[in-house]
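For reference, the sequence and a predicted model appear below.
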Amino acid sequence: QVQLVESGGGLVQVGGSLRLSCAASGRTIRSDTMSWFRQAPGKEREFVAASWRASGYTYYADSVKGRFTISRDNAKNTVFLQMTSLKPEDTAVYYCSVDARVILSSIREAPAYDYWGQGTQVTVSS
């Protein structure tokens, strides 16, 4: 079992920045795929970014590419999402997820992940 706790959300103005953190406990997640998803009111949960296992490779949704950066600190069992140039459409609850068994072709699919945090709200005001 893995427990995930997100932090770092809040209210920010358009063009601002936030850094989200997701701390994992229960076991080491060094070899897991770690990802961020988000869900806006009335919309489905959507993929934001992923760090693929221990490869160092990262993947992003087109809507955040160039603005968001996913990183991980395996020594601290933590994954981060640095968000810059924030837009009103980035407003959502952000969730981190981890799973050791996600295959690359499913990395952008929420059902592929077994472990989820409780979410942290990000609100971008115009």
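That came through fine.

Which positions within the helix or strand containing Val79 qualify as buried?
Element membership of Val79 [criterion: DSSP states H and E] is strand 78-83. Buried residues in strand 78-83, counting neighbours by 16 or more other C-beta atoms under 10 Å, are found at Thr78, Val79, Phe80, Leu81, Met83. (C-beta placed from N, C-alpha, C; glycine too.)

ditto for stretch 69-78
For stretch 69-78, by 16+ other C-beta under 10 Å, it's Ile70, Arg72, Asn74, Asn77, Thr78.

Just flag the most distant two among those.
Ile70 and Asn77 (15.1 Å; C-beta to C-beta).

Please give me every residue in contact with the closest residue to Asp99 other than its chain neighbours.
Leaving aside its sequence neighbours, Asp99 sits nearest to Tyr113 (C-beta to C-beta, 6 or more residues apart in numbering; 4.6 Å). Contacts for Tyr113 (C-beta atoms under 8 Å, 6 or more residues apart in numbering) come out as Thr33, Ser35, Ser97, Val98, Asp99, Val102.

Kindly reformat these as a markdown table containing pLDDT and distance to Trp52.
Formatted as a markdown table, these follow (pLDDT from 0 to 100; distance: C-beta to C-beta, whole Å):
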| residue | pLDDT | distance to Trp52 |
| --- | --- | --- |
| Thr33 | 96 | 6 |
| Ser35 | 97 | 9 |
| Ser97 | 97 | 13 |
| Val98 | 95 | 12 |
| Asp99 | 92 | 11 |
| Val102 | 92 | 8 |
